[in-house]
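Novice: need a 3D model of the following:
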Amino acid sequence: MANLHFHYGVMSSSKSAALIIAAYNFTKNGNKTEVIKPSFDTRFGNEKIVSRIGLSWNAMTMPNLQTYAPSSDTHVVLVDEVQFFSPSDIDKLVQIADNQNKIVMCYGLMTDSNEKIFPASQRLIEVGAKLHRMESNCQINGCMKMATHHLRFAPDGTVIHAGDQFALGDSNYKSVCRHHYNELYHNKQKTK
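Specialist: Numbers count the residues shown, from 1 in each chain. Purely as a prediction, here's the structure:
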């Protein structure tokens with residue numbers, strides 16, 4: 001089994017729920033598991049990962065992974081919102097996977113709302129993480145295509161084309177298929 005994994009998908013593709021289920025199953029089977037999230041993710045408190053379907057799990061919060069060292073008896077390291085870490089943090093996870101023989105499973109977004117790959121996500125690809133695409137449907141009413149992109153909206157419903165991509169939550173976003181992304185992003189139509 002590969003020991004470095006990247007589970008990626010659009011918002012609302014159940015990434016955090018999958019992480020929580022993995023943590024539960026590994027722990028239930030006697031495999032000590034450490035769960036990490038970036039420290040600026042305080043949506044549900046400092047030490048908790050919560051999925052939109054109501055599952056939750058305790059987590060360690062860290063601004064970066066440079067000083068992180070899993071316990072010697074830890075078998076699995078799970079990382080939520082991995083896109084918000086840095087490429088050097090990914091290199092730290094590679095060292096843990098390769099030199100300590102731990103299973104490292106990362107969960108997060110591949111690209112931002114401007115179709116730009118997050119640096120940490122790019123680094124996971126570069127270092128050969130096993131990729132697992134998590135699928136979800138387009139959130140435009142009536143569309144049944146697979147969501148592949150994110151649209152970010154201003155309060156008036158217009159699509160935002162610039163700005164900070166390190167935003168938490170999904171209240172200003174929709175996960176959409178490529179067709180609707182191109183239609184709405186490039187034609188500057190409103191929908192929300």
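
Novice: okay, and the closest residue to residue 110 other than its chain neighbours sits in which element?
Specialist: Among residues not flanking residue 110 along the chain, residue 8 sits closest, at 4.5 Å (CB to CB, 6 or more residues apart in numbering). C-beta: built from backbone N, CA, C; applies to glycine. Element membership for residue 8, per DSSP states H and E: strand 4-9.

Novice: which other residues reach that strand?
Specialist: By CB atoms under 8 Å, 6 or more residues apart in numbering, the surrounding residues in contact with strand 4-9 are 15, 18-19, 82, 93-94, 97-98, 103-110, 121, 124-125, 127-136.

Novice: do you know the pLDDT at the residue nearest to residue 110?
Specialist: Listed pLDDT for residue 8 reads 97.

Novice: pull up the gap between it and residue 95, please.
Specialist: Counting by CB to CB, to the nearest Å, the separation of residue 8 from residue 95 is 21 Å.

Novice: out of those two, which sits in the busier spot?
Specialist: Taking neighbours as other CB atoms under 10 Å, residue 8 and residue 95 compare with residue 8 leading, 24 against 14.

Novice: that one bridge partners, please.
Specialist: residue 108, residue 133 (DSSP bridges).

Novice: quick one: residues contacting residue 107.
Specialist: 6, 7, 8, 15, 16, 18, 19, 78, 79, 80, 81, 82.

Novice: go with 7 Å
Specialist: If you count contacts by CB atoms under 7 Å, 6 or more residues apart in numbering, residue 107 has them with 7, 15, 16, 18, 19, 79, 80, 82.

Novice: out of the residues you listed, list just those in strands.
Specialist: 7, 79 (DSSP state E).

Novice: any chance of JSON lines for the contacts of residue 107, columns neighbour count and distance to residue 143?
Specialist: As requested, those are exported to JSON lines (neighbours: other CB atoms under 10 Å; distance: CB to CB, whole Å):
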{"residue": "7", "neighbour count": "24", "distance to residue 143": "24"}
{"residue": "15", "neighbour count": "24", "distance to residue 143": "21"}
{"residue": "16", "neighbour count": "22", "distance to residue 143": "24"}
{"residue": "18", "neighbour count": "19", "distance to residue 143": "23"}
{"residue": "19", "neighbour count": "26", "distance to residue 143": "27"}
{"residue": "79", "neighbour count": "29", "distance to residue 143": "31"}
{"residue": "80", "neighbour count": "24", "distance to residue 143": "28"}
{"residue": "82", "neighbour count": "30", "distance to residue 143": "28"}
